[in-house]
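A.B. asks: what follows is a predicted protein model with its sequence.
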Amino acid sequence: MAKKVAVVAIGGNSLIKDKAHQSCEDQYLAAKETAKHIVDMIEAGWEVVVGHGNGPQVGFILQKAELAEKEVNLAMASLDVCGAQSQGQIGYMLAQNLQNELKRRKIEKSVACVLEQTIVDKDDPAFKKPTKPIGGFMGESEAKAKAEAEGWTVVEDAGRGWRRVVASPLPKEIVELEAIRSLIEAGVVTISIGGGGIPVIRDDNGDLEGVAAVIDKDFGNSLLAREIKADLLLISTAVEKVAINYGTAEEKWLDRMTLAEAKAYLAEGKHFKSGSMAPKIQACIWFLEAGGKQALITNPENIGRALKGESGTLITCN
């Protein structure tokens, strides 16, 4: 029997329940709950590749570095290194909880976390117009001093202070793709594409080089799902279903969407916010356009029900 392969993309925010539960211990407990739902999928016969977001975690890493920089004479780590740190941190939490849950259910499967680099185009227009806020808030004078000293792009953020913004280029190539494929073929539960991948470019000699950027994790996991020809792209997020006209009197929660409907809703520009649901819908569209069978959007606790058609929003070609 052919393997059923699912790419499961977990939001970095899903590991942080609220402002009172942001510690590493709190995130570990959230990962423990998520692991149970993923192992439910494994019990149902799926081979699973787990991707994850890292936005809040990278933000914490940067803020800690900013505070430490003022106390010790130590330069901050570059953004690609911070992304790698977050992959290790979140990957460890997910891997250990998956291993423990598999053991508890007496399922003999290995788990591996792949530190993954994603190649972006060095000429991507996003590098000319950075828009993704990262790190903590600063006063205007500090922000402008950082911009001059570090070459940062800084902007005033809705009256709350000044922040650094970086590029969010499109993912083009997964460096560790063959390793991930091999792990899937071997039946290993694989964790990868953390935060969309560590952003790298190829220089003129073809060598890899890290860049200051943030890759959308839904786009990164959609690319992986397309490359490995997964049967399912499952995006786990903060809501049970997708809504159109969200937050209005005409709000409607959707059980199903066709590819054509998803494209039409996205094109209207009023249903899905650019920083939340829009990239998830776009990621699903690209996956289905490339031959994917189905995409599913739901929250972690409803993954099992969604796979049975009892919850979530299912997106299909027809």
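C.D. replies: All right, it came through fine. Numbering: from 1, shown residues only.
A.B. asks: what's near enough to touch Q85?
C.D. replies: I61, A77 (CB atoms under 8 Å, 6 or more residues apart in numbering). Glycine gets a C-beta too; all of them are placed from N, C-alpha and C.
A.B. asks: helix/strand/coil for it?
C.D. replies: Assigned by DSSP: H, G, I helix; E, B strand; the rest coil, the conformation of Q85 is helix.
A.B. asks: please tell me how far it sits from P130.
C.D. replies: 21 Å (CB to CB, to the nearest Å).
A.B. asks: contacts only, for the nearest residue to D157 once chain neighbours are set aside.
C.D. replies: Sequence neighbours aside, R163 is the residue nearest to D157 in space, at 4.8 Å (criterion: CB to CB, 6 or more residues apart in numbering). Counting by CB under 8 Å, 6+ apart, R163 makes contact with P133, I134, G135, G136, F137, M138, A143, V154, V155, D157.
A.B. asks: and if you look at K129?
C.D. replies: Per CB under 8 Å, 6+ apart, neighbours of K129: A167.
A.B. asks: quick check: L288 touching L259?
C.D. replies: Yes. With contact defined as CB atoms under 8 Å, L288 reaches L259; the gap is 4.8 Å.
A.B. asks: who touches both of those two?
C.D. replies: The contact sets of L288 and L259 overlap at I315, T316, C317 (CB under 8 Å, 6+ apart).
A.B. asks: can I get those in CSV with secondary structure?
C.D. replies: Listed next are the shared contacts of L288 and L259 as CSV, based on three-state DSSP:
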residue, secondary structure
I315, strand
T316, strand
C317, coil
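A.B. asks: looking at neighbours, which among those is most surrounded?
C.D. replies: Highest neighbour count within the shared contacts of L288 and L259: I315, with 26 neighbours (other CB atoms under 10 Å).
A.B. asks: that one and L94: what is the separation?
C.D. replies: From I315 to L94 the distance is 25 Å (CB to CB).
A.B. asks: over to W162?
C.D. replies: For W162 relative to L94 (CB to CB), the value is 34 Å.
A.B. asks: ok, these two, which is more surrounded?
C.D. replies: For W162 and L94, the more surrounded residue by other CB under 10 Å is L94, and the numbers stand at 25 against 21.
A.B. asks: for the more buried one, give me phi and psi.
C.D. replies: phi -70, psi -40 (degrees, to the nearest 10).
A.B. asks: ok, it - contacts?
C.D. replies: I10, A31, T34, A35, V50, H52, C113, I191.
A.B. asks: now render the residues you listed as CSV, adding distance to Y265.
C.D. replies: Formatted as CSV, the contacts of L94 follow (distance: CB to CB, whole Å):
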residue, distance to Y265
I10, 24
A31, 32
T34, 28
A35, 32
V50, 28
H52, 26
C113, 35
I191, 31
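A.B. asks: where in the stretch 101-250 of the chain is pLDDT low?
C.D. replies: Residues of the stretch 101-250 of the chain meeting the criterion pLDDT under 70: 136, 158.
A.B. asks: can you pull out the helices in the protein?
C.D. replies: Taking DSSP state H to define them, one finds helices in the chain at 24-43, 55-71, 79-104, 140-150, 177-185, 217-227, 259-268, 277-289, 303-307.
A.B. asks: how far off centre is the shortest one?
C.D. replies: In other words, helix 303-307. Mean-position distance between helix 303-307 and its chain equals 20 Å (CA atoms, centre = their mean, to the nearest Å).
A.B. asks: same question, the fourth one
C.D. replies: Between the centre of helix 140-150 and the centre of its chain there are 29 Å (CA atoms, centre = their mean).
A.B. asks: and the direction of that helix versus that of helix 55-71, what angle?
C.D. replies: Relative orientation of helix 140-150 versus helix 55-71 (axes from the mean of the first three to the mean of the last three CA atoms, to 10 degrees): 90 degrees.
A.B. asks: ditto for the longest one
C.D. replies: What separates the directions of helix 79-104 and helix 55-71 is an angle of 130 degrees, with the same axes, to 10 degrees.
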